[in-house]
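Undergrad: Have a look at this fold, sequence not included:
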């Protein structure tokens, strides 16, 4: 249904995933252009997180292919995909609780600057790593909390930290799995502003239940139900699609 | 606060305590010369040797979250390397020590490749299984004493000189090895490599998604810990002038874990304190009753229940309470 775009950052072709008889991803095809923010919405259990897990490599698809900048990454482990420029945030906050906010981000910087098989010299005193990490923290307005242990950050701050970690990876494609999940209205508003600022710098795939965020940010929206793409297109078009209205949006939007 | 237990301790105590520990160890032979010197020197030499093995275990356990129940296997490998060479008349440590380290490293690399594919309780079980395997292999080496083990004819020499023959010389050589091991691990823990290794304990999935091949880092750490275990075994064979399969029984592996927990996991110097506390208590309580574990067991339970940072954590909280008055 979506017409193919030339040189997409992410191309998913006919992706399938089943757990035994349960089909959770049912022939999903999708392209994301450079700089585009592509939102994936759908009711709970539609297979959104399963889709993201397959793209980031923590879950193996049953069939189909995933290309990152034209390279087939379907069989690559997550760390190799990360090296190729794929970053993600997790639906359930996933940071290193016993490290400071700064060190959480510095580890992401370290992963792309030189070997990590260095056994002497204090990593936390490498100013090149710390400076780049601080820059990412500043982008998400977390610079004042740099020295706080991640475990002691508020929920919203942890969400922002996830974003900073992803930024520090200088990604080509950023997968955001419900970045607003569990945040209050004020914090959501703050995250929307941050994401708005980042838009255009790299391709993003946003999975989100917060419709304010989706319609404020997305260039294109795909609606996922029962593991299948029901509709895909610009926000206005998706909003007006009668199939989408009955399947999903009707419950939340008038 | 459970988090502070394995986080890097605050700078102040971080320096004072290790310096005090090594000062005590450096001066202990002087004090020993007023008492039963041979006996005390031997006891403290064993404390330091087990200190090296416990340090290595604390490195992978406390910083990497890899609870190995087979660490005594490396001690045994190091000891048997020295023993087997000695049986063939080769005692020069310019040959035997590097071989002991290489064999330990190889065993760590091979078993680590398998063990590190598993997690948590499975990791514990499979390290135990490899430990038992090497235990039975040692017991079946009939040319080298089989189950009974064998005595070493001679302590290791260096370029032909019997440098370790004197108990005091052996003591200080072991102390030097302990100090180097400690400084090395401390450097590693806060290095780039150590930061990745610690991160993998906290959240391996996150580490993989930012681009680290967690398994490879853990295997390198496992090899480092294995090497140090082998070093401890090599020194143990020299100190006791004896090797036996009992060096690598699962009880020994368990005792190493107890030492790490007892002293304070994730601190490195705590492992030395734990080894000292364990062996000295064993020695003292063993003088009171044959069933010394009846007294030691409840003590261990109390430490684990009420002082989660081990003896170091206990000392620290008592000290802080005293200071506040």
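TA: Nice, I can see it. Please read all numbers here as calculations on a predicted model, not as lab measurements.
Undergrad: going forward, measure contacts and count neighbours with C-alpha atoms only.
TA: Noted.
Undergrad: which residues sit in contact with the residue in chain B positioned nearest to chain A?
TA: Proximity of chain B to chain A (C-alpha to the nearest C-alpha) peaks at residue B:211, 3.9 Å away. Applying C-alpha atoms under 8 Å, 6 or more residues apart in numbering or on different chains to residue B:211 gives the contacts A:78, A:79, A:80, A:81, A:82, A:83, A:108, A:111.
Undergrad: Return the subset of those lying in helices.
TA: A:78, A:79, A:80, A:81, A:82, A:83, A:108, A:111 (DSSP state H).
Undergrad: can I assume the first one is in contact with residue A:60?
TA: What that stands for is residue A:78. No: applying C-alpha atoms under 8 Å, one finds residue A:78 not in contact with residue A:60, separated by 10.5 Å.
Undergrad: The residue in the stretch 151-254 of chain A that chain B sits nearest to: neighbour count?
TA: Nearest residue of the stretch 151-254 of chain A to chain B, counting by C-alpha to the nearest C-alpha: residue A:169, 7.0 Å away. Under the neighbour criterion other C-alpha atoms under 10 Å in any protein chain shown, residue A:169 is assigned a count of 28.
Undergrad: Can you tell me the number of residues neighbouring the closest residue to it other than its chain neighbours?
TA: In this structure, residue A:169 finds its nearest non-sequential neighbour in residue A:108, 5.7 Å apart by C-alpha to C-alpha, 6 or more residues apart in numbering or on different chains. Residue A:108 is flanked by 27 other residues according to other C-alpha under 10 Å.
Undergrad: How far does stretch A:94-102 stretch from one end to the other?
TA: Taking C-alpha to C-alpha, to the nearest Å, stretch A:94-102 runs 15 Å from one end to the other.
Undergrad: Need the residues that contact that stretch.
TA: Applying C-alpha under 8 Å, 6+ apart, the external contacts of stretch A:94-102 come out as A:104, A:130, A:133-134, A:137, A:145-152, A:158, A:161-162, B:3, B:7, B:199, B:202-203, B:206.
Undergrad: Could you pull up the mean pLDDT of it?
TA: The pLDDT scores in stretch A:94-102 average 94.
Undergrad: Equivalent analysis for stretch A:160-168, please.
TA: With pLDDT averaged residue by residue, stretch A:160-168 scores 92.
Undergrad: Might you enumerate the residues of chain A proximal to chain B?
TA: A:56, A:78-83, A:87-88, A:94-99, A:107-108, A:110-111, A:116-124, A:166, A:169 (C-alpha under 8 Å from any C-alpha of the partner chain).
Undergrad: ok so, going back, okay if I get the contacts of residue B:211 as a markdown table plus pLDDT?
TA: As requested, the contacts of residue B:211 are exported to a markdown table (pLDDT from 0 to 100):
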| residue | pLDDT |
| --- | --- |
| A:78 | 91 |
| A:79 | 91 |
| A:80 | 92 |
| A:81 | 93 |
| A:82 | 91 |
| A:83 | 90 |
| A:108 | 95 |
| A:111 | 93 |
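Undergrad: So for stretch B:304-315, mean pLDDT?
TA: Here the average pLDDT along stretch B:304-315 is 81.
Undergrad: starting at the chain centroid, how far to that stretch?
TA: Centroid separation between stretch B:304-315 and its chain, computed with C-alpha atoms, centre = their mean, to the nearest Å, is 19 Å.
Undergrad: Need the contact partners of that stretch.
TA: Stretch B:304-315 has contacts (C-alpha under 8 Å, 6+ apart) with B:2, B:5, B:261, B:262, B:263, B:264, B:265, B:270, B:273, B:274, B:303.
Undergrad: start to end distance for that stretch?
TA: 14 Å.
Undergrad: Okay, buried residues for that stretch please.
TA: B:304, B:307, B:308, B:309, B:310, B:311, B:312, B:313, B:314 (16 or more other C-alpha atoms under 10 Å in any protein chain shown).
Undergrad: Could you confirm the first one falls within a helix?
TA: If I follow you right, that is residue B:304. Yes: per DSSP: H, G, I helix; E, B strand; the rest coil, residue B:304 lies within a helix segment.
Undergrad: what number of residues lie near whichever residue of the stretch 51-200 of chain A sits closest to chain B?
TA: Nearest residue of the stretch 51-200 of chain A to chain B: residue A:79, at 3.9 Å (C-alpha to the nearest C-alpha). By other C-alpha under 10 Å, the residues close to residue A:79 number 25.
Undergrad: you'd agree it is up against residue B:205?
TA: No: shown here, residue A:79 and residue B:205 do not form a contact pair, counting by C-alpha under 8 Å, at 9.5 Å.
Undergrad: can you pull out the helices in the stretch 51-200 of chain A?
TA: A:78-83, A:101-111, A:127-139, A:155-168, A:185-198 (DSSP state H, counting those that start in this stretch).
Undergrad: What is the third one packed up against?
TA: Using 3 or more C-alpha pairs under 8 Å, 6 or more residues apart in numbering or on different chains; DSSP states H and E as the contact criterion, the neighbours of helix A:127-139 among helices and strands are helix A:101-111, helix A:155-168.
Undergrad: Same check on the first one?
TA: Packing contacts for helix A:78-83, counted by 3+ C-alpha pairs under 8 Å, 6+ apart, involve helix B:204-209.
Undergrad: Downstream of the helix it packs on, the next helix or strand is which one?
TA: Proceeding C-terminally, helix B:204-209 gives way to helix B:214-240 as the next helix or strand, assigned by DSSP states H and E.
Undergrad: For that following helix, list every residue counted as buried.
TA: Of all the residues in helix B:214-240, those buried under the rule 16+ other C-alpha under 10 Å are B:214-215, B:217-239.
Undergrad: Keep those residues, but drop any that are not near chain A.
TA: Of those, not one also sits near chain A (C-alpha under 8 Å from any C-alpha).
Undergrad: how distant is stretch B:236-250 from the center of its chain?
TA: Put simply, stretch B:236-250 sits 14 Å off its chain's centre (C-alpha atoms, centre = their mean).
Undergrad: could you give me the average pLDDT of it?
TA: Confidence for stretch B:236-250, expressed as mean pLDDT, is 94.
Undergrad: Likewise for stretch B:264-272?
TA: Mean pLDDT, stretch B:264-272: 93.
Undergrad: what about that stretch, how long is it end to end?
TA: The separation between the terminal residues of stretch B:264-272, taken as C-alpha to C-alpha, is 10 Å.
Undergrad: Stretch B:306-313 now?
TA: 10 Å.
Undergrad: Among the contacts of stretch B:304-315, which ones are in strands?
TA: Among the contacts of stretch B:304-315, no residue falls in strands (DSSP state E).
Undergrad: Phi first, then psi, for the residue of the stretch 151-254 of chain A closest to chain B.
TA: For residue A:169, the backbone dihedrals (degrees, to the nearest 10) come out as phi -80, psi 0.
Undergrad: wait, isn't it in contact with residue A:84?
TA: No: in terms of C-alpha under 8 Å, residue A:169 does not count as a neighbour of residue A:84; the distance is 10.1 Å.
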